[in-house]
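J.: sequence? don't have it. structure:
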């Protein structure tokens, strides 16, 4: 089995890049608003379904369909922030967590109503290319595209954060709400932008996974469960951490699953998570805070 | 002299229960430095937050009175809207965005008025004010020394071309030489940029040296005010800081006890 | 505090008593009698639901102590129930132990497993701890399915024999009702007592201000672990009763979804209150059933073409929507509403 | 922000809604006469949960078949059939609640179709206790130790054995065919993995070279297939359905494998439609005639009902036909039992007697074929199909093009 | 002024740092039995840090703290609480979800002896222990006039009352030494007078030393016997209130460097 290691590493990293997209989506929201978004799975499935509808129902060309889905993501992100989270802004943390869970259930109902509980699949060869063989290592075009789109998204995100004013303000808000307000930053706008960005990342992940596999309200949202350990590995407050965490989860899942037992691969990320929590509770890239009274 | 900022009989409650300001009235004239002195917990910071709108973020609200800036009532505006009108508060305790670089910190303060060119111009001006910051501009600000952070924080406030700057204890926790430096710069900003400054300070004498006018607060009220030159030589100020209340005389806290007890028995 | 106007205490002994007046005793006893008669008054479907509510009440007392009182978020509650259920089933099937012997051992097992997964609370809290319990939520079912499928049945459903007390077999829902309700009432009383004891105060102290609690002499880590242990005892008992209620165990009943809704129950009920936790259970369990049964009629209003689609999604949609609205309008939970009601009742008919 | 008044109105409305919902729970129940007005038939199954795309179509199948029975056949001897559908969203606990609710109705439904494995397993002793009859599509060996449970089709091990036998029948090379098993890690998926099946493979000369399990909700099987690929199998064999076969074939394709899949009920229309090209050349062992057999009168009839009732293409699956089979089977046995003992004496025993003697029964011109005996309450009749050009066409071999063949007996030792 | 036997606590050469920031260095002072010692200094001088070191919340980098002659610097916070070191907090760190009574009872934690099982049953022993400790707590409730708010959840209490509950909670620990962190902050004169009276009453009744950190000089001057002044993490003065009032260093620390008394001295200023 050891001869298969290169294959597992490559597949793990490519799939991990999609997990990373989801993890970054969670971290973005957490950094800016301190809310852990448990609805991320449903939001990404919704994004996948939007893509699906544009492609299969209305026969848009792919680029237009993606654009359309991203527009829908913008609308969704905005609505979620405005209708669900802003009214609860001053409530306790658990109440808000509960709200994201309830939002998830509601979205699942909505998806069942619009797209029913049956699986749907994208037409194949929507994206060009085919499986590439490098020696014994096979890389499917779905996975290569997933990796490419994930990397592009991270680059775009990095550019957005480092080079644009809005990105800068988002970074400022994620550090200190009060100070940002004092500096004239409109934090409600920043919150809305954060949610929109998070949903956009989710939509991309939903499309990539949906295209690679298929979509159903019952299992697509569960992809988010892969991102939770990734987020904690990286530390809840680090985007770089989430990125690395996603790759690590993909990698460990594939390697442990491949070399030992695929079933063990499923939970290996969580076992590792427990170990990380024991050794370095703030995650690999997290911040240690000095508590004062 | 034109009054640009007027705080009129403002009362502030936190959580709708705790009253912090009990009718504060003060004004700042264009181009003036006004010092607001007082003991801890007197309500100085709350006064600044009532002006800048930051109160809301901590469940505080102005229940009575109003704040008027250039003939426009602003106490119902949101913090960012107030900042855009030219009122910038510099928070107490050298609050920096630790993970941003010095220049990024400054840019957060830039509100986008006048575009990139204007941003460059102001940045240059700030580096002129604080030559020490210029070589540090790409440094992550969490690693700066206290004095550098304070300079950066004041610089950040200048980025929005403020009409009035609300400075909250700029000397807090700084070494004396640096305190001198900071006050010199605050003075220069006022002189060269014609920015009005409302200065909250514990370091009373240093503040009075650069201030035109001064208010003294105690227990949510203004208890004394006057031209800075006059107050500077006022023995009361010293006494105030050492605990002998300038307003009337009062019993020792030790004696109060017996009086209170008796009162309770009688009632 | 239940007492009406005009009842005062003259000793501290009396002040720690819950039942103060004859009327309270009368109401309580009448309530218990009515509870005992319910199986004769209600249909089987409703009794089944009430039984599930009873099972959930037992289980939620654990989460009430861990999350409601001690403030440690647990996303692994369902898995700890699973430990109890599976341990009991295996003890009964392998060793032939009766329910009355297997159940306490299973509960203890669950407690110890909970204790183990509580260890990270030494160094972490908040979301990080929630994630550690999430790990438990994945690792425990995985262990059940994969480690010894020959004993646990893996993903298959294994049957559990009906418990038998002096020849009285709890074999139908009407009979299980008495078993479940007895445990539910006892659990509620024990949890309520624990809450007002030294231990309960230490728990709340940790929740509200762990730093101050530490400085005031509370051994934080010990008490966090104790909370995990007690929580898992209750959830283990809940799991055992769930197995009896279903007459079977299946790992499907102990997955993340269950854990999340247990958390939902105490949030909707109002954190930190025993009545709140009970109300939360009743609310969510009924909402589950109601959203299931009103879905199809609502879908009936739509034209056939989309009616079918609406039917498939209406239940979760209503479920999520009701919870969201509830959180928006009653963020402090049902317990808060209950307090207001009691306040009103105590002063009735005089409003102050 | 809402005004205080609006808020309190909203709150009152909320509570009113809740009270209404609770009241809606307690509905009236019908009473019973000698010859009942109607016969209640229940389904409790996962119609919107994780198994929805598989078993969901059973509900519309039943609905349409009930319509057919009531309108075209005049009910059962004049007694109309009434369908009670409960969606347990794939949660056994909810299924139990729904079962107890149904079984306590008066008159209680005698028949329970339960297309959800964990629920079915949890119910198998309850139906015996309550003297009801359970029809479980999950033909898992240990569902049948007691007497009140029936399967719609052969044991899964029998189905996979038929598939394996088909491979051997068409095998041209000297060496034994190499088969890799990859299947769901739950009771249904694991059902073929019993000693009887492995013994059978050994007996006929087929090598099982790999055995991988994956979760129902797991749609990414690259790792599993990489491991399988290393064993160079000639065929893949699975007993999963819904998204499972798709996930297997996607992963195989991603890894550049050309190996084809042997499937059982999951290889039907419902699964294939997700990605027909992916399944080209794959083999399915089904218990019903394919929808692609355009000339078959039974297929024509159900297709007509699908169309008339605006059913979506997603519902055109074998579970839609199972819905029909369920209803028609009840129609058949209740009618003959009532004729023998009379409606007033009609009970479970009488119905069971009819079911246990059902032999080579072929409803709708043989769209399925059913034989039950007292000891074997799963019907052994199967058809082998191959997927060609996106259609299920009869596969050669096993003595019959598109004809029913009998599955090898895979009944476990202890149940014989 | 006092014989060594009366020394209750000695802080020796205490040093503390956060990362590279030196928060405290070389702090030395002694607390004598039955005295009120005030710890004053401008904002950020390190007063609260000293209290945090004593109660064990911060681990000092250097120096020792002796309590009744025993080095406690390595002990856990819980152990220190059991030795009788009790404190209040600057920003009122109460258990917001408990009633005032339960907040005080929670402080009796180390004295109440029964376990979780007895607690769940709440019979016999647990009940006796509760009642016994309740009596102790009621004394404090009486002393601090908290009877009316006994059964109110502290979250809903006004600020001044919560400050009093905070003091009550510190007293319920039956302290051997009491640390008060800004007990008067944010109070009006009347409330301050009340609080001063409570502090004096406590000292009179319990006969224990009290360290008080306070900004209101009036209070400090009136109720404390001795004053220690900190500035920039070092001790700059120590003595009786009257002497402190006229100490140049103290005046300078409070008024800023340009204070007139300094000009005459021409002391060089270090950066």
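T.: That came in fine, so what should we check first? Just so it is clear, the structure is predicted and the values come from calculations on it, not from any experiment.
J.: Tell me the residue of the stretch 151-293 of chain A that sits nearest chain B?
T.: Of all residues in the stretch 151-293 of chain A, residue A:184 sits closest to chain B, at 3.0 Å by C-beta to the nearest C-beta. Where you see a C-beta, it was placed from the backbone N, CA and C, and this is true even at glycine.
J.: that's a strand at that residue, yeah?
T.: No. Using DSSP: H, G, I helix; E, B strand; the rest coil, the assignment for residue A:184 is coil, not a strand.
J.: And for the residue in the stretch 101-250 of chain E that chain B sits nearest to, the neighbour number?
T.: Of all residues in the stretch 101-250 of chain E, residue E:217 sits closest to chain B, at 2.4 Å by C-beta to the nearest C-beta. Counted with other C-beta atoms under 10 Å in any protein chain shown, residues neighbouring residue E:217 total 23.
J.: Does it touch residue E:40 like I think?
T.: Yes. The pair residue E:217 / residue E:40 is scored as a contact, 7.4 Å apart, by C-beta atoms under 8 Å.
J.: Skipping adjacent residues, who's closest to residue C:125 in space?
T.: residue C:72 (7.1 Å; C-beta to C-beta, 6 or more residues apart in numbering or on different chains).
J.: Three-state assignment for that neighbour, please.
T.: Three-state call for residue C:72 (three-state DSSP): coil.
J.: Who are the contact partners of it?
T.: Applying C-beta atoms under 8 Å, 6 or more residues apart in numbering or on different chains to residue C:72 gives the contacts C:66, C:118, C:121, C:125, C:129, C:224, C:227-228.
J.: ranking these by neighbours, who comes first?
T.: Highest neighbour count within the contacts of residue C:72, by other C-beta under 10 Å: residue C:66, with 32 neighbours.
J.: I'd say that one and residue C:227 touch.
T.: Yes. Using C-beta under 8 Å, residue C:66 is in contact with residue C:227, at 5.0 Å.
J.: residues in contact with residue C:112?
T.: C:229, C:232.
J.: what helix or strand is it on?
T.: helix C:99-118 (DSSP states H and E).
J.: can you pull the buried residues of that helix?
T.: Neighbour-count burial for helix C:99-118, counted by 16 or more other C-beta atoms under 10 Å in any protein chain shown, picks out C:99, C:102-111, C:113-115, C:117-118.
J.: same deal with stretch C:180-200?
T.: C:180-181, C:183-185, C:187-200.
J.: Check whether that stretch comes near chain E.
T.: Yes. Interface with chain E: stretch C:180-200 contributes C:190-191, C:193-194, C:196-200 (C-beta under 8 Å from any C-beta of the partner chain).
J.: Near the residue of the stretch 151-293 of chain A closest to chain B, how many other residues are there?
T.: So residue A:184, with other C-beta under 10 Å, has 28 neighbours.
J.: what stretches of the stretch 301-416 of chain D score poorly on pLDDT?
T.: For the stretch 301-416 of chain D, applying pLDDT under 70 flags the ranges D:398-400, D:415-416.
J.: Tell me where it has strands.
T.: For the stretch 301-416 of chain D, the strands defined by DSSP state E, counting those that start in this stretch cover D:381-388, D:391-394, D:405-406.
J.: Most tightly packed of the ones you listed?
T.: Neighbour counts (mean count of other C-beta atoms under 10 Å in any protein chain shown) averaged over each of those peak at strand D:381-388, with a mean of 23.
J.: How far off centre is that strand?
T.: Offset of strand D:381-388 from its chain centre (C-alpha atoms, centre = their mean, to the nearest Å): 16 Å.
J.: Mind putting the contacts of residue C:72 into CSV with distance to residue E:67 and pLDDT?
T.: Below are the contacts of residue C:72 laid out as CSV (distance: C-beta to C-beta, whole Å; pLDDT from 0 to 100):
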residue, distance to residue E:67, pLDDT
C:66, 36, 94
C:118, 33, 90
C:121, 30, 86
C:125, 30, 77
C:129, 34, 85
C:224, 28, 94
C:227, 31, 95
C:228, 34, 95
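J.: Inside helices: which ones of those residues?
T.: Secondary structure from DSSP state H places C:118, C:129, C:224, C:227-228 of these in helices.
J.: Looking at these, which one is closest to chain B?
T.: Checking the ones in helices among the contacts of residue C:72 against chain B by C-beta to the nearest C-beta gives residue C:129 as the nearest, at 24.9 Å.
J.: tell me the contacts of the closest one?
T.: Contacts of residue C:129 by C-beta under 8 Å, 6+ apart are C:72-73, C:120-121.
J.: what separates it from residue B:110, distance-wise?
T.: Per C-beta to C-beta, to the nearest Å, residue C:129 is found 40 Å from residue B:110.
J.: And residue C:153, by the same measure?
T.: Going from residue C:153 to residue B:110 by C-beta to C-beta gives 65 Å.
J.: cool, and residue D:283?
T.: Distance from residue D:283 to residue B:110, counting by C-beta to C-beta: 68 Å.
J.: where exactly do the helices run in the stretch 1-150 of chain B?
T.: B:44-52, B:79-84, B:102-109, B:115-129, B:146-158 (DSSP state H, counting those that start in this stretch).
J.: Which one of those lies nearest to chain E?
T.: helix B:146-158 (8.2 Å).
J.: Does chain A have contacts with the closest one?
T.: Yes. Helix B:146-158 is in contact with chain A by C-beta under 8 Å from any C-beta, via B:156-157.
J.: Which strands and helices lie in contact with that helix?
T.: Counting contacts by 3 or more C-beta pairs under 8 Å, 6 or more residues apart in numbering or on different chains; DSSP states H and E, helix B:146-158 packs against strand B:87-90, helix B:102-109, helix B:115-129, strand B:164-168, helix B:176-193.
J.: 7 Å - rerun?
T.: strand B:87-90, helix B:102-109, helix B:115-129, helix B:176-193 (3 or more C-beta pairs under 7 Å, 6 or more residues apart in numbering or on different chains; DSSP states H and E).
J.: now the ones you listed as a markdown table including mean pLDDT and distance to chain D?
T.: Below are the helices and strands packed on helix B:146-158 laid out as a markdown table (pLDDT from 0 to 100; distance: least, C-beta to the nearest C-beta, whole Å):
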| stretch | mean pLDDT | distance to chain D |
| --- | --- | --- |
| strand B:87-90 | 93 | 25 |
| helix B:102-109 | 90 | 29 |
| helix B:115-129 | 89 | 35 |
| helix B:176-193 | 86 | 39 |
